[in-house]
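1. Attaching a predicted model along with its sequence, questions to come.
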Amino acid sequence: MGLLSRKATCNTHGQDSSYFLGWQEYEKNPYNEVNNPNGIIQMGLAENQLCLDLLEPWLMKNPDALGLKRDGISIFKELALFQDYNGFPAFKRALVDFMGEIRGNKVSFDPNHVVLTAGATSANETLMFCLADQGDAFLLPTPYYPGFDRDLRWRTGVEIVPIHCTSSNGFKVTLPAIEQAYRQAQKRKLRVKGVLITNPSNPLGTTMARDELDLLINFIEDKQIHLISDEIYSGTVFTSPSFVSVMEVLKDRDLDQTQVWERVHIVYSLSKDLGLPGFRVGAIYSNDPVVVSAATKMSSFGLVSSQTQYLLSAMLLDKKFTKEYMSENHKRLQKQQKDLVAGLEKAGIRCLDSNAGLFCWVDMRHLLKSNTFEAEMELWQKIVYHVKINISPGSSCHCIEPGWFRVCFANMSESTLKLAIQRLKSFVSSIGMKSQNHQELKSLRRKSRNNWVFRLSLQSFYDREQDATTKVSFSYRPHFMSLSNIAATLDAAA
Amino acid sequence: MGLLSRKVTCNSHGQDSSYFLGWQEYEKNPYDEVKNPKGIIQMGLAENQLCFDLLESWLAKNPDAVSFKREEQSIFKELALFQDYHGLPAFKKALVDFMAEIRGNKVSFDTDHLVLTAGATSANETLMFCLAEKGDAILLPTPYYPGFDRDLKWRTGAEIVPIQCSSSNGFQITESALEAAYQEAQRKNLRVKGVLVTNPSNPLGTTMSRNELDLLVNFVTDKEIHLISDEIYSGTVFSSPAFVSIMEVLKDRKLENTQVWERVHVVYSLSKDLGLPGFRVGAIYSNDPIVVASATKMSSFGLVSSQTQYLLSAMLSDKKFTKEYISKNHKRLQKRQNKLVSGLEKAGISCLESNAGLFCWVDMRHLLSSNTFEAEMELWKRIVYDVKLNISPGSSCHCTEPGWFRVCFANMSEDTLKLAMQRLKSFVSSITIDNQTHQDLKNMRKKNRTKWVFRLSFQSFHDREQGER
């Protein structure tokens, strides 16, 4: 008899070591400007480190918030005892105001519809527990955040069926793609409970167009299913088009107070916008009182520390500060993204045009040896081992086209970004030369086989090729996502 | 097609409104010494409010711990970004040391075996997810913490089968009770995956004897199942017998590095010992590396805020402070418990003898109108509505004998406790007079039905009875 649950033991099966490679390699040899300038630069981590210097002065000017005081008087006892799963009222108030502000105040949120959770990770899983059972499925557009494989499926028993998106239209969601996914779920005898989108998208870095949102609303209305919009990156929209939340679309279409209104749920978190993943602050927003009620009870399994709720209620209630912060956050994100895009361009690499997020969706298809995921893995390993940059391969995000990579830009300084770009540029040039050399060699060989000059050339080119080729061979199955590598990829891609 | 999950829709089924009554009534009419002296006194909440002054003075002396500083340097960025599910190393170190200290350093804990979770609520559910699934059952001795019904079963699909304990032996676990529970589970076609005990016990307030622990170890060894020991109240043991952790028993019996060693898991939290339920700090301790690995990944769904980990790593690393705190905590708990016990005694109510916890397990069987749970509910409602005390009825803890109640003592001031005892005493007196009066009346009626003197007596007794309700 298995002594542990299947959930605990399935975790270790089929561990695909290639996904761990990048992370492990980085851990063994992390770049440091001073101590380890030849180390691996971490570009696989979607963290916002650009504005932490704005938060620190606020903290210094507001010692009460940190010191667990209100108007100079200690409220330690009140906070120490506060474990009400309805959440700290002042914090919920501040949070919904902040969410409204991010959406240009085109929509407003009711604190009674908010459920606080320990991060978006907890929020997404909790929503699954509320909306779906084992044998149910949610449709997700690809490429998507690798963590969803664990967060939505692991303990819930719910399945994910992908809505395949392609570069032919900038990876936008289309009606045929959604319909196809729905049919696929039915073929697999899975009952579709809803669609989950991330808007702005991880890993694309794009905001959804209004017509995509309309499409989704029409679809869920027709099928009478749910729509979850994970808007964790909503505060990182740094350029046009501006962010349009699904709530805004519902409002504009006068759909509040209709059935579909209660089937649309939002997930939010302060991990990306404010760069505070360590504080574990997430939220579910729902117009369905039954969902709010159930999710509230479930939040017992992952409440936000009252100490943290208090600190952030003070910070987010400072409207002058939040306004300034959001504006500066956008500016810095935009600049850093531009630097990355321009740098990649110089290396002959293009990105998907993006206006949000902490990363770019980078097109390296032209650097692949063949249009296969094996070639994508090979390229990835070269980039990790030789270029010494850790980036996330598109296959880990379930992208159906090989050659796309997510490259993060907001978790490093300008100079580190510059260095990463230089390395990439050198790498691409060397590949370019090799490609050209191989072409010339082929021609030469065809021309004359006995010329000793050619043999000398061959030799030196082969030598250079050996240095650049990874020595690790492995077998890769792109569609098998085991839980342990999900965990590793999650760590790498979070 | 049901649009929401079964977990959500079943949640509203079988909701026993009587359990909510006490809480709701309290919320509507909460006692306040100044503003609402006739309100309901909350004695249904197992919180430790006796030592906040000690924590506050530590905070005042150690401002760096709350202001994200380490030796005057800001570590805000480091903490803001720290979401590693392995936990803040300094905090895990401080926590295992604290756990050992609570156990008189008779056992030590390894930080690599520790998984941090957002409270014991999260720890218990996570352990269930790791050890059991739908179709499996966990055996729990009754009476037990009502929250387990939700924490262990709701989202996991696991079942709880009770190990019935009774007052005949102070509610201790017996081998026959264990076997009976095991067989009951099999009769229900459930696969028993383990036993979960709370030690010290909620709601009994007693520490498990070595005998009981040995019994449990033998049982789980024989059946090859798990043992979870929720030791959330381990720091509240205020008088002898001293706390014996399951880990100590395993060590003394030289069972480390045997199979059973990897099947024993401990749950802990700072919510009761330090009185910090708002900070959401819990932990799973396991000697099974697979459980540790799996639980660690699952802890992603309920990590402890890095801000809080840092504050508490500083506090718990201050060994001088923790030593003082543990000692004072025990003294104050003991004093308060003594007050409750003697107050109840004066009202003619006895408690199960206890040496730990934040509550007493109170015997009100003699106040029941009949030996039934209906009578228990009736008594409970009177205590909530008329005596204006919110206490927890034994049936909510799955106790098999009607008439037991859990009464908390550590979440109020001495004066409030005194007042609660007075109210209870008055109430009991009135019941006694009622009972006595009814008895006398019955006798008198039997003796002489027509004498007018007796009618007069009736009248005055009736009047007095009306006045005291």
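-> Alright, I've got the coordinates. Residues are numbered from 1 along each chain as shown, chains lettered A, B, ... in the order given.

2. in the stretch 201-350 of chain B, which spans are strands?
-> B:226-230, B:264-269, B:282-286, B:350-351 (DSSP state E, counting those that start in this stretch).

3. Flag every buried residue along the first one.
-> Spelled out, it's strand B:226-230. Buried residues in strand B:226-230, defined by neighbour count with 16 or more other C-beta atoms under 10 Å in any protein chain shown: B:226-230. C-beta coordinates here come from the backbone N, C-alpha and C atoms, glycine included.

4. Likewise for stretch A:157-173?
-> A:157-165, A:171-173.

5. same thing with stretch A:87-107?
-> Under the neighbour-count criterion of 16+ other C-beta under 10 Å, stretch A:87-107 has A:87-88, A:90-100, A:102-103, A:107 buried.

6. Just those: which are in helices?
-> A:90-100, A:102 (DSSP state H).

7. So which of the residues you listed is the closest to residue A:331?
-> Of all these, residue A:331 sits closest to residue A:102, with 15.5 Å by C-beta to C-beta.

8. wait, that closest one sits on residue A:242?
-> No. Counting by C-beta atoms under 8 Å, residue A:102 stays clear of residue A:242, with 10.5 Å between them.

9. related to what we said a few turns ago, of all the strands of the stretch 201-350 of chain B, which one is nearest residue A:347?
-> Between residue A:347 and these, the tightest spacing by C-beta to C-beta is seen for strand B:282-286, at 47.3 Å.

10. which helices and strands does the closest one pack with?
-> strand B:114-117, helix B:119-131, strand B:264-269, helix B:289-298 (3 or more C-beta pairs under 8 Å, 6 or more residues apart in numbering or on different chains; DSSP states H and E).

11. ok so, going back, which one of the ones in helices among the buried residues of stretch A:87-107 sits closest to residue B:8?
-> Distances from residue B:8 to those, taken by C-beta to C-beta, are shortest for residue A:92, at 21.4 Å.

12. Enumerate every residue touching that closest one.
-> Counting by C-beta atoms under 8 Å, 6 or more residues apart in numbering or on different chains, residue A:92 touches A:111, A:114, A:116.

13. again, 10 Å this time
-> A:86, A:109-116, A:283, A:309, A:313 (C-beta atoms under 10 Å, 6 or more residues apart in numbering or on different chains).

14. and if you look at residue A:227?
-> A:138-139, A:194-197, A:213, A:216-217, A:219-221, A:246, A:250, A:260, A:263-266.

15. In helices only, show me those residues.
-> Per DSSP H, the contacts of residue A:227 map to helices at A:213, A:216-217, A:219-221, A:246, A:250.

16. tell me the centre residue of the chain?
-> Defaulting to chain A. What sits nearest the mean C-alpha location of chain A, by C-alpha atoms, centre = their mean, is residue A:202, with 3.8 Å.

17. My question was about chain B, not that one.
-> Against the mean C-alpha coordinate of chain B, by C-alpha atoms, centre = their mean, the closest residue is residue B:202 at 3.4 Å.

18. isn't that residue right up against residue B:143?
-> Yes. Taking contacts as C-beta atoms under 10 Å, residue B:202 lies within contact range of residue B:143: 8.7 Å.

19. shared neighbours of the two, which are they?
-> Both residue B:202 and residue B:143 are in contact with B:361, B:397, B:406, where contact means C-beta under 10 Å, 6+ apart.

20. residues contacting the closest residue to residue B:331 other than its chain neighbours?
-> Closest residue in space to residue B:331, ignoring its immediate chain neighbours: residue B:238 at 7.3 Å, by C-beta to C-beta, 6 or more residues apart in numbering or on different chains. Residue B:238 makes contact with B:205, B:329-338, B:354-357 under the criterion C-beta under 10 Å, 6+ apart.

21. ok, residue A:431 touching residue A:378?
-> No. Under the criterion of C-beta under 10 Å, residue A:431 makes no contact with residue A:378, lying 11.7 Å away.

22. Who has more neighbours out of the two?
-> More neighbours surround residue A:378 than the other of residue A:431 and residue A:378, with 20 against 17 (other C-beta atoms under 10 Å in any protein chain shown).
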